[in-house]
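> pasting a predicted model and its sequence here:
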Amino acid sequence: MPELPEVEITRQSFASRIAGARVTGVRTGKPLRWPLGCEAGSLLDQTIGEVQRRGKYLWLPLERGGLLMHLGMSGSLSFDESAALPPAAAHDHFDLVTTRGGLRLTDPRRFGAVVWSPGLDSGAAAKLLAGLGLEPFDAAFTGAYLHAALRRRRVAVKQALLAGDIVVGAGNIYACEALHLAGIDPRTRSDRLSRPRSERLAQAVRDTLARALALGGSTLRDFKDAHGMAGRFQLQAGVYGREGEACARCGGRIRRTVQGQRSTYFCAGCQRR
DNA sequence: CATAGCTCCTGACCGC
DNA sequence: TGCGGTCAGGAGCTAT
């Protein structure tokens, strides 16, 4: 599932290659989560700027506005520098053909999106990005900040991480992994987390995401970057997908529970309330 | 306001 | 081999 590391790796894999290219063609497939929000033809002849990331969104600037893209749960972007993209397959739902190659969104489950917006800070993009929490690598994302934010809620700490309005980027896999790294039971009420444990959690979120980035992300079913490379993080996951196994750190039993209709994996031995 | 639940979609997997 | 049921989950939306 594309979380921050996968989205960032995707960005890095094509941003510099597409920058400066001019749009020469657009093809849309089946509907994605939201309509494109403009006539596809209006994108033609515009030059692409530097692709940016905010949370799990990518922003592809054009001369007039830009495209806000999200990979949903099963989406991936590929960038093909050859003259033409291969024929679109069943799950290829958006192509941007440019003078430097073709960018293609493939998304079997179609929870992803490509939305035109007049700017990153206006229109559709502003609306979608409003309420996003801090970037995990922002200097402002400190233990003190996290502690203060968690104190305002009573949900389980894992739910608070997943909500994305305190800190962005950690989805189900990395939220589980960060809590394991920090030694915190995911069911702990967020307003009961002490300041020192909040410090540890903030650090664990950063470390987990940084490590995943270094390992090329996680490839559970089908994530690949725009070069078609698979990630390796999942091979080193401490708890995710390891129900019944022994914890590599303490030897305790890894358990699975459900929070907010999602699987939570945690070690019953070294993750404390 | 905070929180819980619903919803979109389809491939993978499981038991029979 | 086929088939129905279940699960996976990002995150906006709605209801409470």
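Yep, it's here. Because the structure is predicted, anything quoted here is derived from the model rather than measured.
> where does the stretch 1-150 of chain A have low pLDDT?
Low-confidence segments of the stretch 1-150 of chain A (pLDDT under 70): A:1, A:83.
> how about the strands of it, start to end?
Under the criterion DSSP state E, counting those that start in this stretch, strands of the stretch 1-150 of chain A are mapped to A:23-28, A:52-54, A:57-61, A:66-70, A:76-80, A:92-98, A:101-106, A:113-117.
> select, out of the ones you listed, the one closest to residue A:195.
strand A:52-54 (28.3 Å; CB to CB). C-beta: built from backbone N, CA, C; applies to glycine.
> ok, the closest one: who's next to it in the sheet?
Here strand A:52-54 has these sheet partners by DSSP bridges: strand A:57-61 (antiparallel).
> is the partner strand in proximity to DNA strand C?
Yes - between strand A:57-61 and DNA strand C, judged by CB under 7 Å from any atom of the strand, the touching residues are residue A:57.
> just want the angle from that strand to strand A:113-117.
40 degrees (axes from the mean of the first three to the mean of the last three CA atoms, to 10 degrees).
> for strand A:57-61, buried residues please.
Buried residues in strand A:57-61, defined by neighbour count with 16 or more other CB atoms under 10 Å: A:57-61.
> who are the neighbours in contact with the spatially closest residue to residue A:271 that is not a sequence neighbour?
Distances taken as CB to CB, 6 or more residues apart in numbering place residue A:185 nearest to residue A:271, at 4.6 Å, with adjacent residues excluded. By CB atoms under 8 Å, 6 or more residues apart in numbering, the residues touching residue A:185 are A:179, A:266, A:271-273.
> re earlier: highest mean neighbour count out of the strands of the stretch 1-150 of chain A?
Per-stretch averages of neighbours, counted by mean count of other CB atoms under 10 Å, single out strand A:66-70 among the strands of the stretch 1-150 of chain A, with a mean of 25.
> tell me the helices and strands packed up against that strand.
strand A:57-61, strand A:113-117, helix A:123-129 (3 or more CB pairs under 8 Å, 6 or more residues apart in numbering; DSSP states H and E).
> quick one: the second one to chain centroid distance?
On the basis of CA atoms, centre = their mean, to the nearest Å, the separation between the geometric centre of strand A:113-117 and that of its chain is 16 Å.
> ok, the last one next?
Helix A:123-129 sits 17 Å away from the centroid of its parent chain (CA atoms, centre = their mean).
> packing partners for it?
Using 3+ CB pairs under 8 Å, 6+ apart, helix A:123-129 sits against strand A:57-61, strand A:66-70, strand A:113-117.
> go again with 6 Å.
In terms of contacts (3 or more CB pairs under 6 Å, 6 or more residues apart in numbering; DSSP states H and E), helix A:123-129 is packed against strand A:113-117.
> same for the strand it packs on, what does it pack against?
Strand A:113-117 makes packing contacts with strand A:66-70, helix A:123-129 when contacts are defined by 3+ CB pairs under 6 Å, 6+ apart.
> turn the helices and strands packed on strand A:66-70 into JSON lines, columns for distance to residue A:140.
JSON lines is the format used below for the helices and strands packed on strand A:66-70 (distance: least, CB to CB, whole Å):
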{"stretch": "strand A:57-61", "distance to residue A:140": "19"}
{"stretch": "strand A:113-117", "distance to residue A:140": "25"}
{"stretch": "helix A:123-129", "distance to residue A:140": "17"}
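> so which of the ones you listed gets nearest DNA strand B?
Across those, DNA strand B has its closest neighbour in strand A:113-117 (10.4 Å, CB to the nearest atom of the strand).
> hmm, back to that, just send the strands of the stretch 1-150 of chain A back as a markdown table, with distance to residue A:251 too.
Below are the strands of the stretch 1-150 of chain A laid out as a markdown table (distance: least, CB to CB, whole Å):
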| stretch | distance to residue A:251 |
| --- | --- |
| strand A:23-28 | 52 |
| strand A:52-54 | 38 |
| strand A:57-61 | 40 |
| strand A:66-70 | 40 |
| strand A:76-80 | 37 |
| strand A:92-98 | 46 |
| strand A:101-106 | 41 |
| strand A:113-117 | 43 |
